[in-house]
Structure formats: C-alpha cells, structure tokens
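K.L.:
how does the following fold in three dimensions:
(one chain, ligands or ions: 1)
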Amino acid sequence: MKINGRHYRTIWRAEDGESVEIIDQTRLPHEFETATLRTLEDAGRAILTMQVRGAPLIGATAAYGVCLALQEDASDEAVDAAIAYLAKQRPTAVNLRWALDQMRKAIQNLPREERLAAAYKRAAEICDEDVETCRLIGTHGLKIIEEIASRKAPGEPVNILTHCNAGWIACVDWGTATAPIYMAHDKGIPVHVWVDETRPRNQGAALTAFELGAHGVPHTIIVDNAGGHLMQHGKVDVCIVGTDRVTANGDVANKIGTYLKALAAKDNNVPFYVALPHTTIDWTLNDGRIIPIEERPVDEVLKMPGRLADGTVVTVEIAAPGSPAGNPAFDVTPARLVTGLITERGICEATSDGLASLYSEKK
Ligand SMILES: CSC[C@H]1O[C@H](OP(=O)(O)O)[C@H](O)[C@@H]1O
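P.N.:
Next up is the predicted model:
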C-alpha cells in the first residue's frame, strides 16, 4: 500500500540481489524506517523481535531467510540448520512452517549450485502469491460489507471492529482483515473502523491506525476492553479479524484478546468473521486447544514505547519496579464463535465441512 504517496510492499529483494529490505515495524508509527537483512540471523532476529510480524509476512521473511542462508552455504546440512533455526523464532503462526516447507521442496532435489537461484525464485513467488491471495480475500470480504451497507441509511458508515493488525503491514500487501475494508472504501462505501489498540504491543494503535490513516479510511482507536460495550450499544455492525493459525475444524488462533471479542460478538449477535489465506490453515490439527501459544517477554507488558512532545521516542515503565507479569501473545477462538472464514477461495463456515468445501483437495 502507499506511504506518503509511494507504494510499498513490506518486504523486497534489494537491488544488490543478495540482501532483503523490510519495513522495520518496531519503529512505527513514530518513525518510518526500512532495514536490510543480509544474513540468516538478520532474518531470524527480524521475526523474533517483530521488526516484521503478521503470519503471512513472517512466512515471507523466513523464505528470504533461507535464501540468505544459502548465500553462505548451500549444503543439505546448512539448509536443515537454517530451516530449524527460522522455525523456532515464533511458534504460533503456521505460515512460518508452511513457507519453510515450500522452500525445502523448491531446493532439496537440486544440485547445490542451482539452489540459490531456485530459492530466491520461490521466495519471490511466495510474496507475489500472498499479494494476490490477500486481494482475493478482499474481493470476497467486500460482499459482507456491501450487504451490511445495503441495510444502512445512505451515507451511514458500516462500523467494523478489528483486533491487532491484520493489515497490509502484516502481509506483503493488502492485508487480510483490512483488504475488504480498503476495497469498500475505494469503492465509495462509507466505512468506519473501530481499532482495538491491542495491548501489550499495541499493533492496533501503532500499525492498523497508521495504515488506515495513510489510506484515508475513517477509524477510531479504542482500548481493548471497549469493544463489548460498543457492541452492546449497537455501534459495531461486524467484526473482521486476522489469524495466525486456523485448524482444519475451524478453531482460530489470533492475537490475545480475540477470544473475548468473539464472546462479546456472540452475546450481541454481531457477525464475527476471520480473514485468512490458505497458508494460515493447519490441516494437521483438528483442535485449536493444541495450537502452541507464544509466551513473549514480560517487558512488553511492563514497558511501553512512546514519543515525547519534542519528538524523541522513549520507552517507559508502566508498573512498579519488580512487578511480575505474564504475556501470552495469542488465544484460541473456538469455531462455534466464528460466523465465517473469509479466504481467497470464498467465504465458508468455520467447520471441517466448510473448509473442505473450498479446499476439496485437502479432504
Ligand atoms: C494477517 S496475520 C495477522 C495476525 O498476526 C498478528 O500477530 P503478531 O503481530 O504477533 O505477528 C495478529 O495475531 C494478527 O491478527
């Protein structure tokens, strides 16, 4: 999408052909900085420290991480070590495993001297495929927004609540939950987005608000605990969130707090949709309760970055020194609380049959 009128993807191969550029998301929204990944370790660190984050972008970064590793050593042992290293950086988003499996398939039967070119080719394809997949998610999700808009008074916006950042910044472009929003906005359908700030890393306040604002989409940042209240008072027409892993039976792992939004939506008869590409479906699991939930550093809870009036960006402590904290980064929303899954192939029920109806090859 565009930043200051210039189109960006979130990750791209540098002109030197042997490094990778990313948008450093730890600097947003106060500073727009790109960063260069030159080694496997740079890619692993970018994923772990969330310079890049969002399931599809984590996968794309890992794919390029394999390329950077191959530049040093294209042996079978080095490939295995690189894949194992990248796989352990973050446990919940299944796109990481999916992308690494794709890279292994692309190079494993090639002679060493052909592996690097094949790896860069596959990594580029993964990025291009993600852009098209998210665009298609947008076209299918747009129908939901259009149907709600048809029941509203002229000019009255469709009020959409989203949690965390499942935007173009979480992907290579377009986003998952935001793709239908951008398409509705660009089509002239009045929309307004309630943006959950999404403690503790504030991906909503720092990233979703940033990208919606850059595209001119009306939005309001709210504290995470306000969503239920807004739903009780009829101010939310639909919830659309992203996900890091959907099991074959439709259970949804997503940023911590998603489950509570789904409960509030169910209690207030607000449709709750989850937008996802096929790369986020874990066909090996039929129960969301066994999805690994990442425990992140407690400093993310105890400290918060911000900008002073003079523009200096600082980090402050928000609790008494020595306060203990816990930081589970994701929760699992049972399929029964999900109205539907918005995929690149269409919208389906959050059930095994629903997913099988769109992905018959996986039956
Ligand atoms: C389109 S995937 C977005 C998904 O990823 C986020 O997690 P994180 O920021 O920790 O990578 C969040 O769960 C979003 O819904």
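
K.L.:
do you know how far Gly216 is from the ligand?
P.N.:
Applying C-beta to the nearest ligand atom, to the nearest Å, the value for Gly216 to the ligand is 21 Å. For every residue, glycine as well, the C-beta is placed using N, CA and C.

K.L.:
ok, that residue - contacts?
P.N.:
Counting by C-beta atoms under 8 Å, 6 or more residues apart in numbering, Gly216 touches His185.

K.L.:
now the phi/psi pair for it, please.
P.N.:
Main-chain torsions, Gly216, degrees, to the nearest 10: phi 80, psi 20.

K.L.:
the longest helix in the chain is where?
P.N.:
In the chain, assigned by DSSP state H, the helix with the most residues is helix 112-149.

K.L.:
buried residues in that one?
P.N.:
Neighbour-count burial for helix 112-149 flags 115-116, 118-120, 122-124, 126-127, 129-131, 133-138, 140-142, 144-145, 148-149 (criterion: 16 or more other C-beta atoms under 10 Å).

K.L.:
interface residues of the stretch 51-200 of the chain facing the ligand?
P.N.:
The stretch 51-200 of the chain comes close to the ligand at residues 53-56, 164-166, 170-171, 176, as judged by C-beta under 6 Å from any ligand atom.

K.L.:
just those residues: which are in helices?
P.N.:
55-56.

K.L.:
related to what we said a few turns ago, for the longest helix of the chain, give the mean pLDDT please.
P.N.:
In this model, helix 112-149 has a mean pLDDT of 98.

K.L.:
right, and the helix or strand after that helix?
P.N.:
Counting by DSSP states H and E, the element after helix 112-149 in chain order, helix or strand, is strand 158-162.

K.L.:
what lines up beside that following strand in the sheet?
P.N.:
If you go by DSSP bridges, strand 158-162 pairs up with strand 191-196 (parallel), strand 238-241 (parallel).

K.L.:
using TSV, lay out those strands together with mean pLDDT and mean neighbour count.
P.N.:
Converted to TSV, the strands paired with strand 158-162 look like this (pLDDT from 0 to 100; neighbours: other C-beta atoms under 10 Å):
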stretch	mean pLDDT	mean neighbour count
strand 191-196	98	24
strand 238-241	99	25
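
K.L.:
check which residues of stretch 39-57 are buried.
P.N.:
For stretch 39-57, by 16+ other C-beta under 10 Å, it's 40, 42-44, 46-47, 50-57.

K.L.:
and the end-to-end length of that stretch?
P.N.:
Start-to-end span of stretch 39-57 (C-alpha to C-alpha, to the nearest Å) is 17 Å.

K.L.:
same check on stretch 259-276?
P.N.:
16 Å.

K.L.:
wait, does that stretch contact the ligand?
P.N.:
No. Stretch 259-276 does not reach the ligand (C-beta under 6 Å from any ligand atom); its nearest approach is 7.4 Å.

K.L.:
what's in contact with that stretch?
P.N.:
137, 141, 144, 161, 163, 166, 176-177, 179-180, 196, 224, 227-228, 231-232, 236-243, 246, 252, 254, 331-333, 337-343, 347, 350.

K.L.:
stretch 337-353 too?
P.N.:
132-134, 136-137, 140-141, 143-144, 176, 180, 240, 246, 248-252, 259, 262-263, 265-266, 271-278, 286, 335-336, 354-355, 357-359.
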